[in-house]
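Peer 1: 3D, please:
(one chain, ligands or ions: 1)
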Amino acid sequence: MYKVAIIGLGYVGLPLACLCAKKGHKVIGLDIDKNKIDKINIGVSPLDDEYIKKNLKKGAIVATDDFSKIKAAEIIVICVPTPVNKEHLPDLSFVEKSVESVSKNLEKGQLVVLESTVYPGTTEEIIKPILEKSGKAFYLAHCPERIDPGNKKWTIENIPRVVGGTNHESTEKAAEFYRTIISADIIEVKSSKEAEATKIMENTFRDVNIAFINEMAKSFDRAGIDIIDVIKGASSKPFAFMPHYPGVGVGGHCISVDPHYLIAKARGYGFEHEFLKLARKINDSMPEYTVELLEKELKKSGKDLAGAKVGVLGLAYKGNIDDIRESPAVEVIKILKEKKANVVVYDPHIPIKSDAKTLSELVDKSDYLILVTAHDEFRNMDLEKLKGKIKIIIDGRNCLDKNKVIALGIKYKGIGR
Ligand SMILES: NC(=O)c1ccc[n+]([C@@H]2O[C@H](COP(=O)([O-])OP(=O)(O)OC[C@H]3O[C@@H](n4cnc5c(N)ncnc54)[C@H](O)[C@@H]3O)[C@@H](O)[C@H]2O)c1
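Peer 2: Numbers count the residues shown, from 1 in each chain. Below you'll find the model as predicted:
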């Protein structure tokens with residue numbers, strides 16, 4: 001049993017805190033958000049996340065903003081945000097600030113682990129020097145989080161992890177800790193740099209492959225080929241093909257952000273990541289492409305977006321969660337408003353930011369729909385209720401029954417179908 005301090009109680013840190021408590025460790029949670037701290041201390045999840053709601057037990061995590069409490073811990077895990085700024089450059093200020101707070105309270109022999117996604121070299125070049133200011137000996141490692149919020153099969157408990165320390169003892173100590181909480185392989189790599197590079201490669205792999213399939217979708221759409229049928233066909237190859245799906249855009253705090261960390265870092269050592277930049281460009285073009293699909297359909301009956309009543313289904317960047325960071329919905333809504341459409345938004349997971357209170361209210365106020373988020377509430381909606389009311393559906397996630405929509409007399413356009 002360890003005493004663990006977890007810094008940053010968000011989509012990454014809070015499930016980790018819950019898991020550590022579940023496995024019998026003594027957990028202190030540090031955050032700068034008072035509101036979050038208060039909720040956690042009364043056992044209420046501050047996030048719409050099933051894993052947290054199920055596993056957050058009142059009193060199991062002592063949440064606080066008092067960093068001196070980390071003195072009592074043996075292991076300190078940092079899970080703070082790593083966004084990009086307006087110029088798409090890495091913003092490490094949250095990491096730096098939290099590590100400064102750790103450094104001021106560091107005790108000899110503590111293990112510090114960074115879970116936040118960063119570019120290769122951050123742990124050695126940024127974190128280590130800040131901790132060294134404490135004058136105390138410490139262990140330091142990077143163990144990138146791979147959590148996929150909303151995923152019921154692969155949770156924080158059963159996803160294998162990669163660990164790399166700034167020296168061999170740090171790697172071993174960190175791996176030993178993760179083996180006490182995770183029932184999957186813990187892979188030890190040679191350095192923190194390799195662990196950081198592993199995470200960046202995983203996420204850029206996804207961004208690049210999604211960009212590839214988005215490009216195929218745009219091409220096949222012009223050729224009158226349904227990309228979903230093609231992906232199904234290609235997926236029958238038992239090796240060397242991995243299906244990715246086109247959509248209205250890539251959002252979230254990871255896939256749409258992390259490539260910029262490597263692009264910027266590599267530029268610093270004189271390498272231009274052309275492939276990664278192109279992937280970002282293609283994926284960033286998808287919200288506009290999606291709105292254009294509606295525009296083109298309207299044009300066929302001599303209409304345009306000005307004054308059109310458009311219902312936007314979903315604000316979150318992906319289904320069944322409430323996370324709006326970098327969501328393509330924001331861009332879709334912005335473009336629609338620029339084109340003077342009357343926009344109504346509904347997201348059952350984010351009522352506070354929704355214009356409509358229910359799906360039926362949204363349908364009542366709309367003639368056209370753009371589905372942005374594949375929430376179950378939208379996937380499983382009663383399409384019959386749209387009959388005679390909605391004229392066009394743009395299915396930005398290809399998650400509706402195309403034939404059923406068409407059979408109801410509604411025009412259907414998906415991404416690449
Ligand atoms: N969300 C995901 O699905 C996911 C998956 C894998 C990796 N990651 C990575 O994990 C990291 C955290 O992401 P997240 O989604 O949990 O972010 P989040 O915004 O949900 O949570 C971060 C928390 O850190 C707190 N915080 C900020 N500065 C702090 C400070 N100085 N001291 C203490 N707390 C502070 C914030 O108040 C917030 O509660 C990022 O690097 C992200 O790229 C995220």
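
Peer 1: okay, helices next: where are they in the stretch 301-417 of the chain?
Peer 2: 328-338, 359-364, 376-379, 402-407 (DSSP state H, counting those that start in this stretch).

Peer 1: keeping just the C-alphas, turn the shortest one into CSV.
Peer 2: This means helix 376-379. Extracted as CSV, the C-alpha positions of helix 376-379 are listed here (Å, rounded to 0.1, in the frame of the first residue of the first chain):
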residue,chain,number,x,y,z
ASP,A,376,-26.4,7.0,-27.9
GLU,A,377,-29.4,9.3,-27.6
PHE,A,378,-28.9,10.3,-31.3
ARG,A,379,-27.8,6.9,-32.6
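
Peer 1: pull out the buried residues from it.
Peer 2: Residues of helix 376-379 classed as buried: 377, 378 (neighbour count, 16 or more other Cβ atoms under 10 Å). Just so you know, the C-beta spots here come from the backbone N, C-alpha and C atoms, and that holds for glycine as well.

Peer 1: try the longest one
Peer 2: Judged by neighbour count using 16+ other Cβ under 10 Å, the buried positions of helix 328-338 are 328, 329, 330, 331, 332, 333, 335, 336.

Peer 1: can I get these in CSV with distance to residue 54 and pLDDT?
Peer 2: As requested, the buried residues of helix 328-338 are exported to CSV (distance: Cβ to Cβ, whole Å; pLDDT from 0 to 100):
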residue, distance to residue 54, pLDDT
328, 29, 98
329, 27, 98
330, 29, 98
331, 33, 98
332, 32, 98
333, 32, 98
335, 38, 98
336, 37, 98
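
Peer 1: out of those residues, flag the one nearest to residue 190.
Peer 2: Using Cβ to Cβ, residue 328 comes nearest to residue 190 of these, at 37.5 Å.

Peer 1: how much space between the closest one and residue 6?
Peer 2: Residue 328 sits 31 Å away from residue 6, going by Cβ to Cβ, to the nearest Å.

Peer 1: residues contacting the residue in the stretch 101-250 of the chain that the ligand sits nearest to?
Peer 2: Nearest residue of the stretch 101-250 of the chain to the ligand (Cβ to the nearest ligand atom) works out as residue 116 at 3.2 Å. Shown in contact with residue 116 (Cβ atoms under 8 Å, 6 or more residues apart in numbering): 8, 12, 78, 79, 80, 81, 82, 94, 95, 145.

Peer 1: out of those residues, which touch the ligand?
Peer 2: Contacts with the ligand are made by 8, 12, 79, 80, 81, 82, 94, 145 out of the contacts of residue 116, judged by Cβ under 6 Å from any ligand atom.

Peer 1: after the helix ranked longest in the chain, next one along is what?
Peer 2: Taking DSSP state H as the criterion, the chain has its longest helix at helix 192-223. Next helix or strand after helix 192-223 toward the C-terminus (DSSP states H and E): helix 227-234.

Peer 1: which neighbouring elements make contact with that following helix?
Peer 2: In terms of contact count using 3 or more Cβ pairs under 8 Å, 6 or more residues apart in numbering; DSSP states H and E, helix 227-234 is assigned the packing partners helix 192-223.

Peer 1: the strands in the chain, which residues?
Peer 2: With strands called from DSSP state E, the chain shows them at 3-7, 26-30, 61-64, 75-78, 111-114, 139-142, 161-165, 186-188, 309-313, 342-346, 368-371, 392-395, 411-414.

Peer 1: export the last one as PDB, just CAs?
Peer 2: So the one you mean is strand 411-414. What follows is strand 411-414 as a C-alpha-only set of coordinates in PDB (Å, rounded to 0.1, in the frame of the first residue of the first chain):
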ATOM      1  CA  LYS A 411     -32.600  13.600 -47.700                       C
ATOM      2  CA  TYR A 412     -29.500  11.900 -46.200                       C
ATOM      3  CA  LYS A 413     -25.900  12.900 -46.500                       C
ATOM      4  CA  GLY A 414     -23.100  11.300 -44.500                       C
END
